[in-house]
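1. model this:
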Amino acid sequence: MQSLLRRLQINIEEIIERAQRGECRNEQEHDLIVFRESERLAKKHGIVWNGEEVLPEEKMADSLFIAAAEFLVLVGVLYVDENRVISITDGDVEEALRVRHNVKIGRGNEEVELKKRKPGDGRRPLYVGGPIGGAVSEEVFKDLHESIAREDVCGLYTGALETYNGVQCAAKSPMALLAVWREVEWAREACVRAGKPGLALFGPSTSSRAEHFLSVANSMGLGPSDVSEVYMLDELKVDREAIVKLVHHRKLGNHVITGQCPMLGAYTCSAEGLAIVEAAEALGAYVIVSPTIHGTGPVHINYHASSLPEVLWASNLVCLALSRNSDILTGRYYWNLSGMGTTMNLLETSAQVLGDIYCGREMIMGPVGRGGNRPDMASGMDAQLVNGVLDLFCGKPSDAVAEAIERTVSQYREEVKNAPEGVPFGKCYGRGLRPKKVYSRMVEDILSRFI
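-> Modelled structure (predicted):
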């Protein structure tokens, strides 16, 4: 089945040839170039965060788009397996941006269309719930995913099975492949139990190895109506695993999501540099992979969270830049700092939803608490909050959305260094897969603050 997204693509053979014949550069040299040039171009193009607000100016967003394209062409994409640079031209970027949208995911009653949004767009972004790769224990895997599938979601982004039959699997163990299959089969079963057998699955999340991904990329696993991961590496890099997945999925015409989560404090030392790298990664993903949608989830290296003010500003700036100046589609991964079942966690989610409404994001993914590093930190309760915020603010004047997001961030800004641990799914939910009253009242309380 051919993808319904009609787009110009660089020939696969051309990508591989560039990877084999490109300029020699080791990873350390590449990281230094990323660091140096992102900071230089931020200064050159006047990209500056004021240290307070998390919503950027439109003029600065346009400058960022120019800077990101310049950065991508200047730096290229490092093929780490050969220490060679895949060169990118201005023409490559221009062709990658010529996207035509007619994308549908899911099947039957759960089929939905992925549409381009613009800043201030009154239409809702698609909402894909789930642990987005965060660890999930075997004991609650089905229930956790079913609790999300029951809510108003357009897809289910699976979590990573923490163990297989109680044992952690080594990456190269054949048992890891069984774990990947169990993840997909159990997630599908959760959708069936929720009465949504055709809900689009995103993943898999339990392994990153190409042979594991390709084993489940068929009608018995992640089929033509689902969305398979083809992740590139952060800081404009790609490896053999991603190229192999690309060849497979492009030949079959499958839906794919590229994803990158650059870190503030790693090879970008400022919010401004992070914004340039994040935007360039989205452009680079469309040049190399030409995905159905590109997922982005920048985080702070010390906290592994996407909700910190400086990270939130950078990601909002990138979304605004791409929404105003291109037709490419992006989704944001919500990596919350605090644990599930806390007021701070709900505020972090609300702030990110409001930013995506304002800036024109096409897809929301998550959230997951504690950056996905603690097991079972996602639930249908998160989906209830996301949908509540979307209901309240989609179609509202931009000024009202802007005021709400700044007010929301101010309520958790000072708690970053003391973020609460929260509680896992098993302690939040009771009989009938319903959140316990104390936690459902937290959601109601947060939503009431916006009324």
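
2. in stretch 121-141, what's buried?
-> Residues 121, 124-138, 140-141 are the ones in stretch 121-141 that count as buried (16 or more other C-beta atoms under 10 Å). Where you see a C-beta, it was placed from the backbone N, CA and C, and this is true even at glycine.

3. how about stretch 389-397 as PDB, C-alpha atoms only?
-> Output of stretch 389-397 as PDB, limited to C-alpha atoms (Å, rounded to 0.1, in the frame of the first residue of the first chain):
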ATOM      1  CA  VAL A 389      -7.500  21.800  27.800                       C
ATOM      2  CA  LEU A 390      -8.100  21.300  24.100                       C
ATOM      3  CA  ASP A 391     -11.800  21.700  24.600                       C
ATOM      4  CA  LEU A 392     -11.400  24.900  26.500                       C
ATOM      5  CA  PHE A 393      -8.800  26.700  24.300                       C
ATOM      6  CA  CYS A 394      -9.000  25.500  20.700                       C
ATOM      7  CA  GLY A 395     -10.700  28.400  18.900                       C
ATOM      8  CA  LYS A 396     -10.000  30.900  21.600                       C
ATOM      9  CA  PRO A 397      -8.300  34.200  20.800                       C
END
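
4. quick one: buried residues of that stretch?
-> Buried, per 16+ other C-beta under 10 Å, within stretch 389-397: 389-390, 392-393, 396.

5. how far off centre is that stretch?
-> Chain-centre distance of stretch 389-397: 22 Å, with C-alpha atoms, centre = their mean, to the nearest Å.

6. who touches that stretch?
-> For stretch 389-397, contacts defined as C-beta atoms under 8 Å, 6 or more residues apart in numbering pick out 122-125, 127, 349-350, 353-354, 357, 400-401, 404, 447, 450-451.

7. restricted to strands, list the residues you listed.
-> Under the assignment DSSP state E, those contribute residue 127 to strands.

8. just curious, which of the contacts of stretch 389-397 is nearest to residue 423?
-> Of all these, residue 349 has the smallest distance to residue 423: 15.8 Å, by C-beta to C-beta.

9. identify the residue spatially nearest to that closest one, adjacent ones excluded.
-> Using C-beta to C-beta, 6 or more residues apart in numbering and skipping residues adjacent in sequence, the residue nearest residue 349 is residue 367, 4.8 Å away.

10. residue contacts, the one you found?
-> Taking C-beta under 8 Å, 6+ apart, we find residue 367 in contact with 132, 334-336, 345, 348-349, 352, 378, 382, 386.

11. again, but for residue 296
-> Neighbouring residues of residue 296 by C-beta under 8 Å, 6+ apart: 259-261, 278, 281-282, 315, 318, 330-333.

12. show me what residue 268 is bridged to.
-> residue 264 (DSSP bridges).

13. any figure for the gap between it and residue 407?
-> 28 Å (C-beta to C-beta, to the nearest Å).

14. so those two - more neighbours on which side?
-> With neighbours defined as other C-beta atoms under 10 Å, residue 268 and residue 407 compare such that residue 268 has more, 26 against 15.

15. can you read off the pLDDT for the more buried one?
-> Confidence at residue 268, expressed as pLDDT, is 86.

16. surely it and residue 279 touch.
-> No. Checked against C-beta atoms under 8 Å, the pair residue 268 and residue 279 is beyond contact range at 11.7 Å.

17. for these two, list the residues in contact with both.
-> Residues touching both residue 268 and residue 279 (C-beta under 8 Å, 6+ apart): none.

18. just to revisit the earlier point, is it possible to get TSV of the contacts of residue 367 that adds distance to residue 244?
-> Shown next, in TSV, are the contacts of residue 367 (distance: C-beta to C-beta, whole Å):
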residue	distance to residue 244
132	23
334	29
335	27
336	32
345	37
348	36
349	35
352	33
378	29
382	33
386	34
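
19. can you pick the most crowded of those?
-> Neighbour counts for the contacts of residue 367, by other C-beta under 10 Å, peak at residue 336, which reaches 32 neighbours.

20. can you dump the C-alpha coordinates of the host helix or strand of residue 251 into CSV?
-> Using DSSP states H and E, residue 251 sits within helix 240-252. The C-alpha coordinates for helix 240-252 follow below in CSV (Å, rounded to 0.1, in the frame of the first residue of the first chain):
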residue,chain,number,x,y,z
ARG,A,240,22.7,2.2,9.8
GLU,A,241,19.7,1.2,11.8
ALA,A,242,17.7,4.1,10.6
ILE,A,243,18.7,3.7,7.0
VAL,A,244,17.7,0.0,7.0
LYS,A,245,14.3,1.0,8.5
LEU,A,246,14.0,3.7,5.9
VAL,A,247,14.6,1.4,3.0
HIS,A,248,12.0,-1.1,4.3
HIS,A,249,9.2,1.3,5.0
ARG,A,250,9.7,3.4,1.9
LYS,A,251,9.5,0.3,-0.3
LEU,A,252,6.2,-0.7,1.4
